[in-house]
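**Q** could you work out the structure for the sequence below:
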Amino acid sequence: MKYKIAICDDEEQQREYLGEIVTAWAKKNRHLVNLKIYTESSAFLFDYAEEKDFDILLLDIEMPGTNGIELAKRIRKNSTAVQIIFVTGYYDYFSDGFDVSALHYLIKPVDDRKLFPVLDRAADNLSCRQRCVLVSTGEEDVKVPLADITYIEAENVYVVIHTVRGDYRTRISLAKFTEQLDDTFLKVHRSYVVSLKYIRKITRKEITMQGGGEIPIRRGMYDDVHDALVKYL
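**A** Take a look at the predicted model:
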């Protein structure tokens, strides 16, 4: 699986240490992780205003400016799916963790024996929820479940997201949009990414999608598509 994880802590040594544990956990479980490191809440919130696709947050509580609890409350206004894990040196805020539906409250010092099981539980919770991407069409923001996307097509500075419920067009690069996808999607051409779930037939030149759509395959890509499809099935 692919996860976007943020670490927000004002202590440099702690940030680096947690990053090492998260990286080791991902390697152990063969997960792909997009790890973002933040020194303060304001820096995280700046990114979050544009990218609300974080899966797991490791938050310190005592930080300059907005503390971890207040940060979590702001996150919860937009998302109930993101898994929030407090990593702190204080017991004082333990009850506040319940108010923001935190997954866990770990007291420093933290090691892999403590954090690995919590990350495992976060991953389990995420797999039980239907992952979505937020698509801005210019007129509205739409939550599109990954499970509904059949393929994505690049059109200059836009992409068209083809789904079982209709199509959505948004201004974003294909590379940027695919960062939000998991390993059930495969780029088969410079302008196309397909969902392995909806492939009906493959040939040396193209893919036929369930529900319609003929997608060209990049030259020499047939074996890669075939192997990915076999692995998926």
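**Q** send me stretch 217-225 as PDB with only the CA atoms.
**A** The C-alpha coordinates for stretch 217-225 follow below in PDB (Å, rounded to 0.1, in the frame of the first residue of the first chain):
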ATOM      1  CA  ILE A 217       0.200   1.000 -24.400                       C
ATOM      2  CA  ARG A 218       3.700   2.400 -24.500                       C
ATOM      3  CA  ARG A 219       5.900   0.300 -26.800                       C
ATOM      4  CA  GLY A 220       7.500  -2.500 -24.900                       C
ATOM      5  CA  MET A 221       5.000  -2.200 -22.000                       C
ATOM      6  CA  TYR A 222       2.900  -5.300 -22.600                       C
ATOM      7  CA  ASP A 223       4.900  -7.600 -20.400                       C
ATOM      8  CA  ASP A 224       4.800  -5.100 -17.500                       C
ATOM      9  CA  VAL A 225       1.100  -4.700 -17.800                       C
END
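**Q** what does that stretch contact?
**A** Stretch 217-225 has contacts (Cβ atoms under 8 Å, 6 or more residues apart in numbering) with 186, 188-190, 199, 202-207. (C-beta placed from N, C-alpha, C; glycine too.)
**Q** need the helix or strand of the protein with the lowest average pLDDT.
**A** Ranking every helix and strand in the chain by mean pLDDT, DSSP states H and E puts helix 94-99 at the bottom, with a mean of 66.
**Q** what's the pLDDT at the residue sitting furthest away from the middle of the chain?
**A** Centroid-distance maximum for the chain: Arg204 at 31.9 Å, with Cα atoms, centre = their mean. With respect to pLDDT, Arg204 scores 92.
**Q** which non-adjacent residue is nearest it?
**A** Spatially, and ignoring its direct neighbours in sequence, Arg204 is nearest to Tyr222 (5.1 Å; Cβ to Cβ, 6 or more residues apart in numbering).
**Q** against Glu206, how distant is that neighbour?
**A** Distance, Tyr222 to Glu206, using Cβ to Cβ, to the nearest Å: 10 Å.
**Q** for Gly138, same thing?
**A** For Gly138, the distance to Glu206 - Cβ to Cβ - is 31 Å.
**Q** these two: which is more packed in?
**A** Neighbours per residue, other Cβ atoms under 10 Å: of Gly138 and Glu206, the larger number sits with Glu206, 16 against 9.
**Q** give me the beta-bridge partners of the more buried one?
**A** On the basis of DSSP bridges, Glu206 is bridged to Pro216.
**Q** so who does it touch?
**A** Counting by Cβ under 8 Å, 6+ apart, Glu206 touches 214-217.
**Q** same thing but 6 Å
**A** Neighbour list for Glu206: 214, 216-217 [criterion: Cβ atoms under 6 Å, 6 or more residues apart in numbering].
**Q** could you measure it against Ala147, distance?
**A** The spacing between Glu206 and Ala147, counted by Cβ to Cβ, is 24 Å.
**Q** and for Val225?
**A** Counting by Cβ to Cβ - Val225 and Ala147 are separated by 20 Å.
**Q** okay, these two: which has more neighbours?
**A** Taking neighbours as other Cβ under 10 Å, Val225 and Ala147 compare with Val225 leading, 21 against 14.
**Q** any low-confidence regions in the chain?
**A** Along the chain, segments meeting pLDDT under 70 span 93-98, 128-130, 233.
**Q** please enumerate the helices of it.
**A** 12-29, 41-48, 68-76, 94-99, 112-128, 174-178, 222-232 (DSSP state H).
**Q** end to end, how far does stretch 26-39 reach?
**A** Length of stretch 26-39, first residue to last, Cα to Cα, to the nearest Å: 22 Å.
**Q** buried ones in it, by neighbour count?
**A** For stretch 26-39, the buried set under the neighbour-count rule, 16 or more other Cβ atoms under 10 Å, comprises 26, 31, 33, 35-39.
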